[in-house]
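Trainee: attaching a predicted model along with its sequence, questions to come.
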Amino acid sequence: MRFTPILALAFTAIVPIINAYPITGNVVNCGSGPGTSYSVVKSYNKGANVAITCQAAGTIVNGNEIWDKSSDGCYITDYYIRTGSSSYVTKKCGSSSGDDSSGNLPGLTSTQTKHAKAIIGEAKKESLGRQGGLVEPNMLIYANKKVSASLKYPHDAVGSDYDSVGIFQQRAIYYPDIAADMDAVKWAAQFFKGMKNKVQGSAYPGRYAERLDDAKKICVAGGL
């Protein structure tokens, strides 16, 4: 079987999936800056899904200093948003890469780095090298409201693209083992198994080349 050596990983959000996270407080204010002293721009009710564009350090709220900038342009304390992580899950505001120089892979946060290293490890185990083209949303584990079982497992975000779950955003109807879907290593193993049989197509084939350099940097830094 001949694979096109495009890349092993790509993390940028170029697939039309909403990176939305639910509000956990009853009525949560969204301010003009990352802190409690800023003016309130708007408020969100409990259960509302909020898309996060970046994160910043600010006033500590119940032990959490992270503030999430919403797609509305205002900041919400991360304490009241269920991102599935106590650390950064996307780039820092004002940074194009989100690399905080703490040992993360190029352009990735600590959460993304953990998942990327798990996938790279599985690729090494199966001697795949930099094979197959993957263009995935933010290198995060996605649950999906349409797949209720996925919400029971640890996840970094909640998506809404059909019944797609996991890092590789594959349809649960085709990959019904939800426990494996929501685990980076198991997910990679089952996806690579399918990839060995055929190269999966994409609705956005031209976009793989756009992320080639980024993916190479991640693979090289991860030892692949």
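Mentor: Received it, and whenever you're ready, just let me know what you need.
Trainee: tell me which helix or strand comes right after the helix ranked longest in the chain.
Mentor: Of all the elements of type helix in the chain, the one with the most residues (DSSP state H) is helix 110-125. Remark: after helix 110-125, the chain's next helix or strand is strand 142-144, criterion DSSP states H and E.
Trainee: can you list contacts of that next one?
Mentor: The contact list for strand 142-144 (Cβ atoms under 8 Å, 6 or more residues apart in numbering) reads 17, 150-151, 153, 155-161, 163-167, 169, 172, 182. C-beta here means a position set from N, CA and C on the backbone, and glycine is covered the same way.
Trainee: buried subset of those?
Mentor: 17, 150, 153, 155-161, 163-167, 169, 172, 182 (16 or more other Cβ atoms under 10 Å).
Trainee: what about the strands in this structure?
Mentor: Ranges of strands in the chain, per DSSP state E, are 20-22, 27-31, 40-45, 49-61, 64-70, 75-77, 142-144, 157-159, 164-165, 170-171.
Trainee: with only the CA atoms kept, save the fourth one in CSV.
Mentor: What follows is strand 49-61, C-alpha atoms only, in CSV (Å, rounded to 0.1, in the frame of the first residue of the first chain):
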residue,chain,number,x,y,z
ASN,A,49,-22.3,27.4,24.4
VAL,A,50,-19.6,29.9,23.9
ALA,A,51,-16.9,29.8,21.2
ILE,A,52,-13.4,30.8,22.6
THR,A,53,-11.0,32.6,20.3
CYS,A,54,-8.1,32.9,22.8
GLN,A,55,-7.2,32.8,26.5
ALA,A,56,-5.4,35.2,28.8
ALA,A,57,-4.2,35.4,32.4
GLY,A,58,-6.2,37.8,34.6
THR,A,59,-8.0,38.1,38.0
ILE,A,60,-7.9,34.8,39.9
VAL,A,61,-11.4,33.4,40.4
